[in-house]
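**Q** Provide a 3D model corresponding to the input given below.
(2 chains)
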Amino acid sequence: MIIRGRVWKFGGNISTDIIIPGRYLRTLNYSLWPKHLMEGIDPTFSSKVRKGDIIVAGKNFGCGSSREQAVLAIKFAGISAVVAESFGWIFFRNAINHGLPAIECPNITKYVETGDIIEIDLANGFIKTPKKTLMIKPYPKFIMDILNAGGLIQYYRRIRK
Amino acid sequence: MSTAIEKIISDHVGVKVHAGEYVETPVDLIYFHDGTGVLVFKHLEEMGVEKLSNVKSAVFFDHSIPPHSIEAATLQRYILNSCRKYGISSIHFMGEGICHQVVHEKGYVKPGQVVVGADSHTPTLGVLGVLALGVGALDAAYALATGKLWLKIPETILITVKGKLPKGVYAKDVILHIVGSLKAYGALGKVIEFSGSLISDLSVESRFTLCNMAVEMGAVSCFQNIDEKTIKYLKDVGVHEFKVYFSDKDSHAEIFSFDASSLEPQIACPHNVDNVKPVVEVEGTPIDQVFIGTCTNGRLEDLIEVAKILKKGKVKPYVKLIIIPASKNILLKAISLGLIEIFLESGAMIGIPGCGPCIGMHMGVLGDGEVAISTSSRNFIGRMGSRKSKIYLASPATAAASALTGEITDPRRFL
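**A** Got it, this is the predicted structure:
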């Protein structure tokens, strides 16, 4: 799997409250969530983001509340992957479960700026940035199986058959 | 050499496993609430699940209660109908209290279990010697369908705390100090085990406050050893049979030691939980709202401390003081102890047991430029309302003292 896209860079400790504030959660109209993506830090973000873009962030991305809408808002905004120096435990699970690649890369924010085009090679374990090619740990088979299925819902349907 | 967590998971999967391994572990209890419940059932439908596994499950209505909007009411009705459809009968409806409090008050939680809750503060239950994991709605749906959860077995770090708490200093101050020291990512991907003479001295209620905020350091969960106090608590809620686990010596990945004997009241300043200072450093900051409650600090002992302070004055005019007991059970006890009368006389508003303004959704929302002091566990930008508002996190005593003066105040001035 190779993912190529334009970068939006954020800092550390981006909480799910920042990714999508609680007051927008009470709806099943999934298309509303991307409109409030990153509203806590940049209310204009949803108007700038394009399909295929990649979010790059510092440590502890997606910390805090377990709300899945944080992952769904990112996914439905068309973001193809999130690369962070580390992830909140629940956010990481939610991302994998919904088939959104969440990739840990320890020093990524040092080598990438907003607007850069980066290329993520999941199978071979590296990220090509304009400044440097960075190594990433390949996912264990268990996680790859969920991602390849398209998420935990599809994975469940497959194993149940 | 294994940690308690490794032993619990090993017994669940039937083979000896260690940190770093991926497993699908059977779970013993699954719970969720009106916030995450909607997606839980949507996912079950999309998965094509018709019948759930036979794992015990329970649903709590605590987040936006009573509903504040047509959409919230409609979605809550959908949850109730789905419970009926899937045969979930353990429903704790609006007004009973916060899931993480009611779930142990009602005796669902037994030491040695693997508990899955679709809410990030599920690790609060680690006080009772369980592996309690906060997850998203899809993990909960998958667990309801299969009885299992995928998991990379986490390492455990040990935090020991010794010393006697000085006057005006509480479990909340201890955990704020620890979060401030280890930082918001200090325990990322790991389980925190608390031990030490101070932990033994603390009440079970105070221990819940500690475990509740482990997640604010990125911890996967929290764990505490069972002792006489927890056994008595469990007996009182009707839990008599369970399996007890302890970590082997030298099984922890890291050890951190703290001494609380010279600790001062602590406060987490905007906009990060780990931006912690002694209260004296920000004393005098004007506030607009005070919120006392939540799964962090809405228990009876918290309300008793609050009453001691509120008895000494009146809430500063035009400061909104909102007090919400964490459960109906706590509210009833607070009424019989005369605490609610003290609160009302002082000028406080009393809310329906539930999450209240902590989640910035349906009540007590902060406006532009407003400043709140809250006994909850999160102060991220916009958490409780406007992204131009500010949240300070502190103990119930500090919050109560601040309500009387209208500015952030060291509670020791009133004790």
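
**Q** okay, CA-based contacts and neighbour counts for the rest of this
**A** Noted.

**Q** Ramachandran coordinates for B:Tyr31?
**A** phi -140, psi 160 (degrees, to the nearest 10).

**Q** Quick check: B:Gly168 touching B:Leu263?
**A** No. Using CA atoms under 8 Å, B:Gly168 is not in contact with B:Leu263, being 9.7 Å away.

**Q** Tell me who's in contact with B:Val102.
**A** B:Glu96, B:Ser327 (CA atoms under 8 Å, 6 or more residues apart in numbering or on different chains).

**Q** quick one: the strand or helix carrying it to chain centroid distance?
**A** Assigned by DSSP states H and E, B:Val102 belongs to helix B:99-105. Computed by CA atoms, centre = their mean, to the nearest Å, the separation of helix B:99-105 from the middle of its chain amounts to 10 Å.

**Q** show me the contacts for B:Val319.
**A** B:Ile287, B:Asp288, B:Gln289, B:Val290, B:Ala403, B:Gly406.

**Q** Hmm, the second one is touching B:Gly367, no?
**A** So the one you mean is B:Asp288. No. Contact criterion CA under 8 Å: B:Asp288 and B:Gly367 do not qualify, at 9.7 Å.

**Q** Helix or strand for the residue lying closest to B:Thr405 once chain neighbours are set aside, just tell me which one.
**A** Nearest residue to B:Thr405, sequence neighbours excluded (CA to CA, 6 or more residues apart in numbering or on different chains): B:Lys316, at 5.7 Å. For B:Lys316, there is no enclosing helix or strand under DSSP H and E.

**Q** Residue 122: neighbouring residues, count only.
**A** In the absence of a named chain, chain A is used. 18 (other CA atoms under 10 Å in any protein chain shown).

**Q** actually chain B
**A** 29.

**Q** in chain A, what residue is nearest chain B?
**A** Using CA to the nearest CA, the closest approach of chain A to chain B is made by A:Arg23 at 4.5 Å.

**Q** Can you classify that residue by secondary structure?
**A** In three-state terms, and counting by DSSP: H, G, I helix; E, B strand; the rest coil, A:Arg23 is helix.

**Q** Phi and psi next, for the closest residue to chain A within the stretch 101-250 of chain B.
**A** Closest contact between the stretch 101-250 of chain B and chain A, by CA to the nearest CA, is at B:Ser120 (4.9 Å). In terms of degrees, to the nearest 10, the main-chain angles of B:Ser120 are phi -70, psi -20.

**Q** from what I can see the residue nearest to B:Thr405 touches B:Gly406, true?
**A** Yes. Counting by CA under 8 Å, B:Lys316 touches B:Gly406, with 5.3 Å between them.

**Q** who's more crowded, these two?
**A** B:Gly406 (22 against 18).

**Q** roughly how far apart are the more buried one and A:Ala84?
**A** 41 Å (CA to CA, to the nearest Å).

**Q** tell me which parts of the stretch 301-415 of chain B are close to chain A?
**A** B:Ile359, B:Gly360, B:Met361, B:His362, B:Arg378, B:Phe380, B:Ile381, B:Gly382, B:Arg383, B:Gly385, B:Arg387 (CA under 8 Å from any CA of the partner chain).

**Q** which of the residues in stretch A:17-36 are buried?
**A** By neighbour count with 16 or more other CA atoms under 10 Å in any protein chain shown, stretch A:17-36 contains the buried residues A:17-23, A:25-26, A:33-36.

**Q** Same check on stretch B:49-63?
**A** B:Val49, B:Leu52, B:Val55, B:Lys56, B:Ser57, B:Ala58, B:Val59, B:Phe60, B:Phe61, B:Asp62, B:His63.

**Q** Out of those, which is nearest to chain A?
**A** B:Val49 (9.1 Å).

**Q** Which residues are in contact with the closest one?
**A** B:Ala145.

**Q** And the lengthiest strand in chain A, what's buried?
**A** Of all the elements of type strand in chain A, the one with the most residues (DSSP state E) is strand A:2-9. Of all the residues in strand A:2-9, those buried under the rule 16+ other CA under 10 Å are A:Ile3, A:Arg4, A:Gly5, A:Arg6, A:Val7, A:Trp8, A:Lys9.

**Q** swap in stretch B:304-324?
**A** B:304-311, B:314-316, B:319-324.

**Q** now do stretch B:236-247
**A** Those would be B:Val239, B:Val244, B:Tyr245, B:Phe246, B:Ser247, for stretch B:236-247 by 16+ other CA under 10 Å.

**Q** Out of those, which two sit at the greatest distance?
**A** Of all pairs drawn from the buried residues of stretch B:236-247, the greatest distance, 22.5 Å, lies between B:Val239 and B:Ser247 (CA to CA).

**Q** need the strands for the stretch 251-400 of chain B, in chain order.
**A** B:254-259, B:266-268, B:276-278, B:289-293, B:320-324, B:349-350, B:371-374, B:390-393 (DSSP state E, counting those that start in this stretch).

**Q** Which one of those strands lies nearest to A:Gly99?
**A** Nearest of the strands of the stretch 251-400 of chain B (CA to CA): strand B:254-259, 32.9 Å.

**Q** Contacts for that closest one next, please.
**A** So strand B:254-259 is contacted by B:Thr156, B:Ile157, B:Leu158, B:Ile159, B:Thr160, B:Val161, B:Lys162, B:Gly163, B:Ile178 (CA under 8 Å, 6+ apart).

**Q** quick one: which of those is nearest to A:Glu113?
**A** B:Ile178 (33.3 Å).

**Q** how far away is the closest one from B:Leu188?
**A** Counting by CA to CA - B:Ile178 and B:Leu188 are separated by 14 Å.
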